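1. Fold the following for me, if possible:
(one chain, ligands or ions: 1)
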Amino acid sequence: MKIFNVGIIGTGGIANGAHFPALEKQQDVNIMAICDINGDVLKAAGERWNVKNQFEDYNKLLEMPEIDAVHICTPNDVHMDPTISALKAGKHVICEKPIGRNPAEGKAMCDAAEKSGKKFMVAQCWRWNQDVVALKRFIDAGELGDIFMARVWAMRRRGIPGWGVFINKEKQGGGPLIDIGVHILDFTMYLLGNPKPIAASGKTYTNIGKEPGHVGNLGQWDWENYTVEDYAAGFVRLDNGASLVIESSFAANIKEDKFTTTFIGDKGGAQTGPLEIYGEKHGTLTDTTPSGLKQPNIYESEIRAFYDAIRDDTEVPVTGEQALNVIKIIDGIYRSSDAGKEVAID
Ligand SMILES: NC(=O)c1ccc[n+]([C@@H]2O[C@H](COP(=O)([O-])OP(=O)(O)OC[C@H]3O[C@@H](n4cnc5c(N)ncnc54)[C@H](O)[C@@H]3O)[C@@H](O)[C@H]2O)c1
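-> Residues are numbered from 1 along each chain as shown. As a prediction, the model looks like this:
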């Protein structure tokens, strides 16, 4: 059995919480080298996961010819450069979400992947959520008919992260829309059959994020340096005639956090989190609630799928092009908010 030698760039939160533990469970991978610009974080990860090859410069890691695949677990502003460098160095790449901060970065990454012939996957872990997996089967079987509308919520009541760079527009590319909205938008677009976005109208607001003294359920953030939106709403036209509305917030005055999409089709509807499917049979309205769904560890499933695609030489389940479409939606909503009118998406 071929053993894949792996490098991890960025050994912070998501690497320690998801990538290292998921990789440790795989029989056919060996974590060969790690990199972080923060020497203390790097050393701690090296000790915790027993990895001897440690670099503060990712180019050094990429120079190791033994490495087959690289995990990019750095902040959003450090997705494009290491991904392109890794692909150029002949490595397969799995990059954390979002693909990049904007469509230009995402496009450059997709182009590099195509040129390299290597696998390039974006780590959109919600694809392995039990509701998404089950609902895909119902949609494929035609239970919803033609889906013409998706209503997406990625809403926290008081969930502004008190760590990392999530409140920094320059490093993140945006606020809740690009951080948590990207997860729900990704699986929504997947379940819609990956249509192309053609126009967006949106509006963003920053209220609570820039004020002191609020409740911080995810720690206390630096309100004085808060440069992203804390609420975004958008309406998006898709090229298959369907449309999508989204609301995404780190801090909204609502009852409780809500991460869900409602799909409305001409034959039926559905809502995720928890999954319900709405229909009409024999003159009766029906609500179907699946029972016995089993939630796998989404990170293990995602990482297994990446290595299966390399091993079997098949398409990765979350392609760069799909992730690029999602970042085009996010960018369209931001551009529309700035412009004060609907904008076209190329
Ligand atoms: N899939 C998910 O559920 C999920 C959850 C959290 C974060 N993420 C994504 O993971 C990425 C990282 O987020 P995080 O929470 O782990 O952040 P983090 O700040 O905890 O970790 C990022 C690490 O990258 C390092 N780094 C920064 N620049 C670097 C460089 N040039 N070279 C090497 N290392 C560098 C930092 O020192 C830090 O240790 C983000 O893109 C975020 O969107 C995904």
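2. burial of residue 170, as a residue count?
-> By other C-beta atoms under 10 Å, 11 other residues sit near residue 170. All C-beta atoms are positioned from the backbone trio N, CA, C, and that covers glycine.
3. Kindly report the same for residue 146.
-> 11.
4. Find the nearest non-adjacent residue to it, please.
-> The shortest distance from residue 146 to any non-neighbouring residue, by C-beta to C-beta, 6 or more residues apart in numbering, is to residue 266 (5.0 Å).
5. Next: residue 63.
-> Nearest to residue 63 is residue 89, by C-beta to C-beta, 6+ apart, at 7.5 Å.
6. Return the distance of whichever residue of the stretch 201-346 of the chain sits closest to the ligand relative to residue 43.
-> Taking C-beta to the nearest ligand atom as the measure, the stretch 201-346 of the chain has residue 299 as its residue closest to the ligand, at 7.5 Å. Distance, residue 299 to residue 43, by C-beta to C-beta, to the nearest Å: 24 Å.
7. between the two, which one's more packed in?
-> More crowded of residue 299 and residue 43, by other C-beta under 10 Å: residue 299, with 20 against 14.
8. heading toward the C-terminus, what's the first helix or strand past the host helix or strand of the more buried one?
-> Using DSSP states H and E, residue 299 falls within helix 298-312. Sequence-wise, the next helix or strand downstream of helix 298-312 (DSSP H and E) is helix 320-339.
9. Are that following helix and the ligand in contact anywhere?
-> No - counting by C-beta under 6 Å from any ligand atom, the ligand has no neighbours in helix 320-339; the shortest distance is 12.0 Å.
10. For that helix, name the packing helices and strands.
-> Where contact means 3 or more C-beta pairs under 8 Å, 6 or more residues apart in numbering; DSSP states H and E, helix 320-339 is packed against helix 103-116, strand 120-123, helix 176-179, helix 181-191, strand 197-205, strand 231-238, strand 243-249, strand 343-344.
11. And the longest one, what's buried?
-> Right, helix 103-116. 103, 105, 106, 107, 108, 109, 110, 112, 113, 116 (16 or more other C-beta atoms under 10 Å).
12. Check stretch 39-52 too.
-> Under 16+ other C-beta under 10 Å, the buried positions of stretch 39-52 are 41, 42, 45, 46, 49, 51.
13. Now the stretch 101-250 of the chain against the ligand: closest residue?
-> The stretch 101-250 of the chain approaches the ligand most closely through residue 164 (4.2 Å), counting by C-beta to the nearest ligand atom.
14. what about the residue lying closest to that residue once chain neighbours are set aside, how many neighbours?
-> Spatial nearest neighbour of residue 164, excluding adjacent residues (C-beta to C-beta, 6+ apart): residue 13 at 6.6 Å. For residue 13, the count of nearby residues is 13 (other C-beta under 10 Å).
15. residues in this protein within reach of the ligand, list them.
-> Residues of the chain lying near the ligand (C-beta under 6 Å from any ligand atom): 9-15, 35-38, 41, 58, 73-76, 78, 96-97, 123, 125, 164.
16. Helices along the stretch 51-200 of the chain, start to end?
-> In the stretch 51-200 of the chain, the segments counted as helices under DSSP state H, counting those that start in this stretch are 58-62, 80-88, 103-116, 130-140, 169-172, 176-179, 181-191.
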